[in-house]
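# Sequence and predicted structure, then a few things I'm wondering about:
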Amino acid sequence: IVALEMEISGNYFIPKINGFDYYNKPPIYNWLLILFFKIFQSTDEWVVRMPTVLSFLGIALINFMIVRRKVNEQMAPHSSLNFLTASNLLFYFSFQGEIDMFYSLIVYLQIICLLHYFQKEDYMKLFVFSYALTGLGVITKGIPSLAFQAITILAIFIYHRRFKALFSIWNFAGIFLMCSIIGGYFYLYSLENDPLPMITRLITESSKRTVVEESWYNSIVQLYKFPLLVFTMFLPWSLLVPSTRLRSVWKTALTNDWIRLSVIFLGFNVLIYWLSPGTKDRYLYMFIPFIALVSVYLFSLKSFKLFSWFILLFEIIGFAGSFAIPFFSKSLSLKHNLLVAIFLFLISGICIYYYFKQSSSRVFQFVCFLLLARIAFNFLVLPTRSEQKSSLKWQANQMVAAGVEAIRTEQYELSVFNPIIREEVSIPLIKHPPYQLSYYYTKNSGKILQYHKIEQSGVKYMINIDNYTFSKNHIILDTIVMKRKHSDYLVYELKGANM
């Protein structure tokens, strides 16, 4: 919705939603979306998802090339396929039109530059390229890129006792380049708007999820929740952990320079998220290719025998689950469900057959099973989700038909302490209607669903029915009936508007 409003308004430096300043994210990702809109001459959902899909595949491809060069050719396809088939990515996030996978690609490239050029002792390229990517990361999603850069540089240089390089002129040149990228954007932003609310918001968005802003109880619970979160994200490959000889982990890891650097990156950077109760799975995607590599590297013959039983278990579950699919969803036809069930039945049966027939290729067979199961998922689950979204499309069309032009909603001020200037900064915010509703309205009408603080004559407004206060000056024109968890909206205008 931010990209759509930028495209319509022609203002590419001030992110807005409903015509109101949006402070949570800088605009790089939205510029990329606008580029895709222009390339494909479309603002449909599949175009919005393209950056996620390409970033997902891009990380896998870069990982393949790096591992083949730094470790060995056998592990390159294994680690990339493990990344592509991690359950959280394969079955959920790989089709979301959100910023996180693109941001993970930027961070992944940033870390790859750091580790690669550190190995080559090419400090000019290390600092210049990594700091440039840090700057791009900051104006994509904010402060976390600074943490990744600072922690990783300190960790690898101190661990390898290369203290002098930290005071290299190229380190300061890189910092200057990063500040120029960040400062350049906020200078352009300041020409039209006060940058302090956005800067303050970016700082608080990062700090509010940490132990600093959370209770001790939540912080202690997080110590136990985080390993479970990572374990479930990386299923089924996280099952390699209990089937690996843990006593030899560090000894094995340190035998390869690239693995050692990857472990250092993981160990020091993951710690912040482990201690942050607000951590969500999408904040961790940049770690998964490194986790995939390390887990594959530690994969011994003994552990394979144990993990192979997990492979068989998953395939049997898929085989048995195919019998339940015809009863999965009443919204889909029985014929549709039967076809999906037969497809899953066949791929599971074939994979189980080859599990016993060709034991040497069980891992690749399992990868094929997961990818084919994802196709079955496409035909079974995605149509149901599409049907749920169609209600928002219908409501957006109803808004267009009713002539809705603007929204009335609650506006409030959030006072937040900015640690840079050591002052309270007031951040103006509003309660937006569902973002998808605004997206479909703008997409279908070609107009921005503007927020108006003061009512204007001749404008048809939409307001949440829970926030509406009756007025004799209003003419109620229509009701937008919302489904699921959202309240209905009223459409009204001021009396005498058409006189």
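It's in.
# what is the mean pLDDT for the longest helix along the chain?
For the chain, the helix with the greatest residue count under DSSP state H is helix 45-70. Mean per-residue pLDDT for helix 45-70: 94.
# try stretch 394-413
87.
# Start the count at 714 instead of 1 going forward.
Fine by me, first position is 714 from now on; the one you just mentioned is stretch 1107-1126.
# So which residues of the stretch 1014-1163 of the chain form strands?
Secondary structure of the stretch 1014-1163 of the chain (DSSP state E, counting those that start in this stretch): strands at 1119-1121, 1124-1131, 1136-1143, 1163-1164.
# Highest mean neighbour count out of those strands?
strand 1119-1121 (a mean of 21; mean count of other C-beta atoms under 10 Å). The way it works is simple: take the backbone N, C-alpha and C, and place the C-beta from them, glycine included.
# Serialize the strands of the stretch 1014-1163 of the chain to TSV and add fields for distance to residue 804.
Shown next, in TSV, are the strands of the stretch 1014-1163 of the chain (distance: least, C-beta to C-beta, whole Å):
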stretch	distance to residue 804
strand 1119-1121	35
strand 1124-1131	36
strand 1136-1143	34
strand 1163-1164	36
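# Ok, which of those strands comes nearest residue 1150?
If you check each of those against residue 1150 by C-beta to C-beta, strand 1119-1121 wins as the nearest, at 10.0 Å.
# What strands flank the closest one, and is each parallel or antiparallel?
Paired neighbours of strand 1119-1121 in the sheet (DSSP bridges): strand 1163-1164 (parallel), strand 1174-1177 (parallel).
# Identify the residues contacting stretch 1063-1074?
1021, 1024-1025, 1028-1029, 1031-1032, 1075, 1078-1079, 1081-1082 (C-beta atoms under 8 Å, 6 or more residues apart in numbering).
# Considering those, which possesses the most neighbours?
residue 1028 (25 neighbours; other C-beta atoms under 10 Å).
# that older thread, of all the strands of the stretch 1014-1163 of the chain, which lies closest to residue 1054?
Residue 1054 lies closest, by C-beta to C-beta, to one member of those: strand 1119-1121, at 44.7 Å.
# Contacts for the closest one, please.
With C-beta under 8 Å, 6+ apart, strand 1119-1121 has contacts from 731, 1146, 1162-1165, 1168-1169, 1172-1176, 1180.
# May I ask which helix or strand of the chain has the lowest mean pLDDT?
helix 962-966 (a mean of 63; mean pLDDT, DSSP states H and E).
# and the residue nearest the centre of the chain, what is it in contact with?
The chain has residue 813 as the residue nearest its centroid, 2.3 Å off, counting by C-alpha atoms, centre = their mean. By C-beta under 8 Å, 6+ apart, the contact list for residue 813 reads 806, 995-996, 998.
# Among those residues, which one lies nearest to residue 929?
Of all these, residue 929 sits closest to residue 996, with 21.6 Å by C-beta to C-beta.
# For that closest one, which three-state class applies?
When classified by DSSP: H, G, I helix; E, B strand; the rest coil, residue 996 comes out as helix.
# Apart from its chain neighbours, what residue comes closest to it?
Counting by C-beta to C-beta, 6 or more residues apart in numbering, residue 986 is the residue found nearest to residue 996 once chain neighbours are left out, at 6.4 Å.
# wouldn't the one you found be in contact with residue 995 here?
No. Assessed by C-beta atoms under 8 Å, residue 986 is found out of contact with residue 995, at 11.4 Å.
# about what we covered before: how much space is there between the residue nearest to the centre of the chain and residue 828?
Going from residue 813 to residue 828 by C-beta to C-beta, to the nearest Å gives 22 Å.
# Could you do residue 785 as well?
From residue 785 to residue 828 the distance is 17 Å (C-beta to C-beta).
# which of the two has more neighbours?
Each of residue 785 and residue 828 has its neighbours counted (other C-beta under 10 Å); residue 828 has more, 23 against 11.
# The more buried one contacts residue 973, correct?
No. When contacts are counted by C-beta under 8 Å, residue 828 is not listed as touching residue 973 (9.8 Å).
# Tell me who's in contact with residue 848.
Counting by C-beta under 8 Å, 6+ apart, residue 848 has contacts 858, 890-895.
# Make a PyMOL selection of the buried ones in the residues you listed.
In PyMOL, this line selects whichever of the contacts of residue 848 come out buried by 16 or more other C-beta atoms under 10 Å:
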select buried, resi 858+890+891+894+895
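# Tell me which of the contacts of residue 848 fall in strands.
Taking DSSP state E, every one of the contacts of residue 848 sits outside strands.
# just the contacts of residue 848 now: which is nearest residue 952?
Comparing the contacts of residue 848 against residue 952 with C-beta to C-beta places residue 858 closest, at 31.8 Å.
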